[in-house]
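Visitor: sequence-free structure coming up:
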């Protein structure tokens, strides 16, 4: 059994399981809550910073699948490769991804399916230290309980390439797609608010062409999802948009965060 061990437990989120559960509880308590809905989103767009910075924003999205958690059997999770220059997309060879809350099994059938596509490779290195995927897992474990996972690290990939990959694993109500991305980086507070408002409007409109690489660090997987959502006639709902100056940081140099539900 090959296990991908946590790389950022103790930095981005607590390494102790009880402390982690409390941190997640705090994030949900501080989240913007939407009216209860029986319709579960097909996809979520969530940030991936340390929990003290973006946890509450992420929780506003993950909370949307809590009521229908028993329908969801697998999660396809896409995020940017921060540490490794990657052409295309990479899936890991691991049998599971581990967090302090336990191990999440990898969906081997879906992995084999996407490996038949051009631009998708089996490569553990982009996953070894990547935080953009890992930080979402404790939230998913808390909300969904047991589920299978297909983690995809996205590098230099077009919206068409990401969209083709999503089409191959889209499934039905049993499959949730999660896109992990932060928004603008290292602007002054007022400038970040302006930039992120523009990006949020493009996301809600599913206008993937309006989102540049500097607008979101996960712009590549984000554009692919929005292209797929637009083609399928899905709606995108804005749940929360804030930045580190609103949560736990100074306002001279902030990072933007957004949460959206697609369905």
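Guide: That came through, no problem. In this text, all values refer to a predicted model and were calculated from it rather than measured experimentally.
Visitor: quick one: average pLDDT of the helix or strand harbouring residue 54?
Guide: Taking DSSP states H and E as the definition, one finds residue 54 inside helix 51-62. Averaged over helix 51-62, pLDDT sits at 98.
Visitor: show me what it is packed up against.
Guide: For helix 51-62, the contact count by 3 or more C-beta pairs under 8 Å, 6 or more residues apart in numbering; DSSP states H and E identifies helix 17-29, strand 43-46, helix 137-144, strand 236-243, helix 244-247, strand 254-262 as packing neighbours. (Each C-beta comes from the backbone N, C-alpha and C, glycine too.)
Visitor: at 10 Å what do you get?
Guide: With contacts taken as 3 or more C-beta pairs under 10 Å, 6 or more residues apart in numbering; DSSP states H and E, helix 51-62 sits against helix 17-29, strand 43-46, helix 137-144, strand 175-180, strand 236-243, helix 244-247, strand 254-262.
Visitor: how far off helix 51-62 does the fifth one point, in degrees?
Guide: Compare the direction of strand 236-243 with that of helix 51-62 by axes from the mean of the first three to the mean of the last three C-alpha atoms, to 10 degrees and you get 170 degrees.
Visitor: just want the angle from strand 236-243 to strand 254-262.
Guide: Interaxial angle, strand 236-243 versus strand 254-262 (the same axes, to 10 degrees): 160 degrees.
Visitor: so what strands line up beside strand 236-243?
Guide: strand 254-262 (antiparallel) (DSSP bridges).
Visitor: quick one: mean pLDDT for the partner strand?
Guide: 98.
Visitor: that one: how far from the chain's middle?
Guide: Its chain's C-alpha centre and that of strand 254-262 lie 10 Å apart, by C-alpha atoms, centre = their mean, to the nearest Å.
Visitor: tell me what the most centrally placed residue in the chain is bridged to.
Guide: Computing the C-alpha centroid of the chain and ranking residues by C-alpha atoms, centre = their mean puts residue 180 first, at 2.3 Å. Using DSSP bridges, the beta-bridge partners of residue 180 come out as residue 46.
Visitor: isn't it up against residue 81?
Guide: No - when contacts are counted by C-beta atoms under 10 Å, residue 180 is not listed as touching residue 81 (11.2 Å).
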